[in-house]
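J.: what shape does this take:
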Amino acid sequence: MRKEYDFSKGKRGAVIASSGKTRITIMLDDDVIEHFRARAEADGTGYQTMINAVLRASIKEGKPADDRPLTARVLRQVLREELDPRKSVKPRRAMVAKSASAA
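T.: Predicted coordinates for the structure are as follows:
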């Protein structure tokens, strides 16, 4: 270690901004977090990265005409659908839309 350091060109509180990502605080159900942490540990990746990937996949699969706001209820439903090990089960909203069109 040096006895003295030159901070004349330093900036107070300088933090490198990450590109394309925003830090947020979000409340998720405990079982959702536990599931993603377990999957992430098994895959050797971060659980937040997995959650982001699931949300991104949901966006890509979503219909452009879907103007419903993303509420906590809708987000929980999307996450549960993605976490369901029985992928052959149709999502609830698709079944509701199908039954409404049949009427």
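J.: just give me the neighbour total for E82.
T.: Neighbours of E82 under the rule other CB atoms under 10 Å: 19. For glycine as for every other residue, the C-beta is placed from the backbone atoms N, C-alpha and C.
J.: I51 reaches F36, doesn't it?
T.: Yes - in this structure, I51 is within contact of F36 by CB atoms under 8 Å, at 5.6 Å.
J.: state the mean pLDDT of stretch 4-21.
T.: What stretch 4-21 shows for mean pLDDT is 80.
J.: I misspoke; the intended subject was stretch 79-87.
T.: 78.
J.: quick one: buried residues of that stretch?
T.: 79, 81-82 (16 or more other CB atoms under 10 Å).
J.: residues contacting F36?
T.: Applying CB atoms under 8 Å, 6 or more residues apart in numbering to F36 gives the contacts 47, 50-51.
J.: one more time with 10 Å, if that's ok
T.: Residues near F36 by CB atoms under 10 Å, 6 or more residues apart in numbering: 28, 45-51, 54, 79, 83.
J.: circling back to that earlier point, need the buried residues of stretch 79-87 in TSV with distance to A40, can you?
T.: Shown next, in TSV, are those (distance: CB to CB, whole Å):
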residue	distance to A40
L79	14
E81	19
E82	14
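J.: and these, which of them are in helices?
T.: Among those, DSSP state H puts 79, 81-82 in helices.
J.: returning to that earlier point: let me have the contacts of F36 in TSV, extended by distance to D6 and secondary structure.
T.: Listed next are the contacts of F36 as TSV, based on distance: CB to CB, whole Å; DSSP: H, G, I helix; E, B strand; the rest coil:
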residue	distance to D6	secondary structure
L28	45	coil
T45	40	coil
G46	37	coil
Y47	41	helix
Q48	37	helix
T49	38	helix
M50	43	helix
I51	43	helix
V54	47	helix
L79	50	helix
L83	53	helix
